[in-house]
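Enquirer: Quick one: sequence and predicted model below, then my questions.
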Amino acid sequence: MSSNKSSDKVISPSKLAHVVLRTGKFTAMVEFYKNFLGAKATYENEFLSFLTYDDEHHRIAIGAVPGTGPKAPNAAGLEHIAFSFNTLEDLALAYQQRKAKGILPIWSVNHGPTTSIYYQDPDGNQLETQVDNFDTIEEANEMMGSKAFAENPVGVDFDPEELVRQLESGMDQRELKKRADIGPRGIDTIPPPPLLAA
């Protein structure tokens, strides 16, 4: 055990282990996350599901909690959960596989540090799938400290179908990851998520 109790900085966790979602749409949510993440249940009953897609025993847990109402879109709370891929090809392949299952994105954007495709689950929670645009954290930090990023911290929208075509044509990933300069862009330009059926 570390003896540095006098430090004014709290010791940081070693990793983020999991996210738990409460829902009134248990079956739809469990099916969505199994499909969306290529996940399997390590334990599941009629009101709890513990899902994993890697070496963690569960990354997402879903609970059917009595009395849970619909998500209020304008309420304070978690904005989205992000999942990383190793390559742009993997991000594009996951997009195509999800599309084949009827899971379509709500927004695709090159933020600068990442190229990202956003989705929405049956409860309206947003999910980001991303790939890092830089090989090192130093390069990403340099981009985020630039004048261009200060002017546009949101990013540049793109068409995922065009990304797939560009990758299939053999375009270099490094070129595809470069963010275009479109000038200033603020948070008010982020498209609103689609309304969910009750």
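Expert: Right, received. Where do you want to start?
Enquirer: Every contact and neighbour count from this point should use C-alpha atoms.
Expert: Will do.
Enquirer: Strands of the protein, start to end?
Expert: 19-23, 40-44, 48-52, 60-64, 80-85, 107-110, 114-120, 126-132, 156-157 (DSSP state E).
Enquirer: from the middle of its chain, how far away would the third one be?
Expert: Going back to what we said before, that points to strand 48-52. 18 Å (CA atoms, centre = their mean, to the nearest Å).
Enquirer: Output the contacting helices and strands for it.
Expert: strand 40-44, strand 60-64 (3 or more CA pairs under 8 Å, 6 or more residues apart in numbering; DSSP states H and E).
Enquirer: Pipe those strands into TSV and attach mean neighbour count per row.
Expert: Output for those, formatted as TSV (neighbours: other CA atoms under 10 Å):
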stretch	mean neighbour count
strand 40-44	15
strand 60-64	21
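Enquirer: okay, which residue is most central for the protein?
Expert: E128 (1.8 Å; CA atoms, centre = their mean).
Enquirer: and the gap between that residue and P66?
Expert: To P66, E128 is 28 Å away according to CA to CA, to the nearest Å.
Enquirer: Can you lay out the strands of the chain as CSV showing distance to M144 and mean pLDDT?
Expert: Listed next are the strands of the chain as CSV, based on distance: least, CA to CA, whole Å; pLDDT from 0 to 100:
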stretch, distance to M144, mean pLDDT
strand 19-23, 27, 97
strand 40-44, 36, 98
strand 48-52, 32, 98
strand 60-64, 29, 98
strand 80-85, 18, 97
strand 107-110, 13, 98
strand 114-120, 11, 98
strand 126-132, 13, 98
strand 156-157, 14, 98
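Enquirer: Put together TSV for those, with distance to N141 on each row.
Expert: Below are the strands of the chain laid out as TSV (distance: least, CA to CA, whole Å):
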stretch	distance to N141
strand 19-23	26
strand 40-44	35
strand 48-52	31
strand 60-64	29
strand 80-85	17
strand 107-110	16
strand 114-120	12
strand 126-132	12
strand 156-157	18
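Enquirer: And stretch 154-165, end to end?
Expert: Note: stretch 154-165 ends 24 Å apart using CA to CA.
Enquirer: Next up, the contacts around the nearest residue to H80 once chain neighbours are set aside.
Expert: Leaving out its chain neighbours, the residue that sits closest to H80 by CA to CA, 6 or more residues apart in numbering is Q126, at 4.6 Å. Contacts for Q126 were tallied using CA atoms under 8 Å, 6 or more residues apart in numbering; they are 79-81, 118-120.
Enquirer: Could you export the helices and strands packed on strand 48-52 as JSON lines, including distance to D8?
Expert: Output for the helices and strands packed on strand 48-52, formatted as JSON lines (distance: least, CA to CA, whole Å):
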{"stretch": "strand 40-44", "distance to D8": "39"}
{"stretch": "strand 60-64", "distance to D8": "32"}
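Enquirer: hang on, W107 packs against T189?
Expert: No. Between W107 and T189 there is no contact, the gap being 11.7 Å when judged by CA atoms under 8 Å.
Enquirer: neighbour-wise, which of these two wins?
Expert: Neighbours per residue (other CA atoms under 10 Å) separate W107 from T189, with W107 holding more: 19 against 9.
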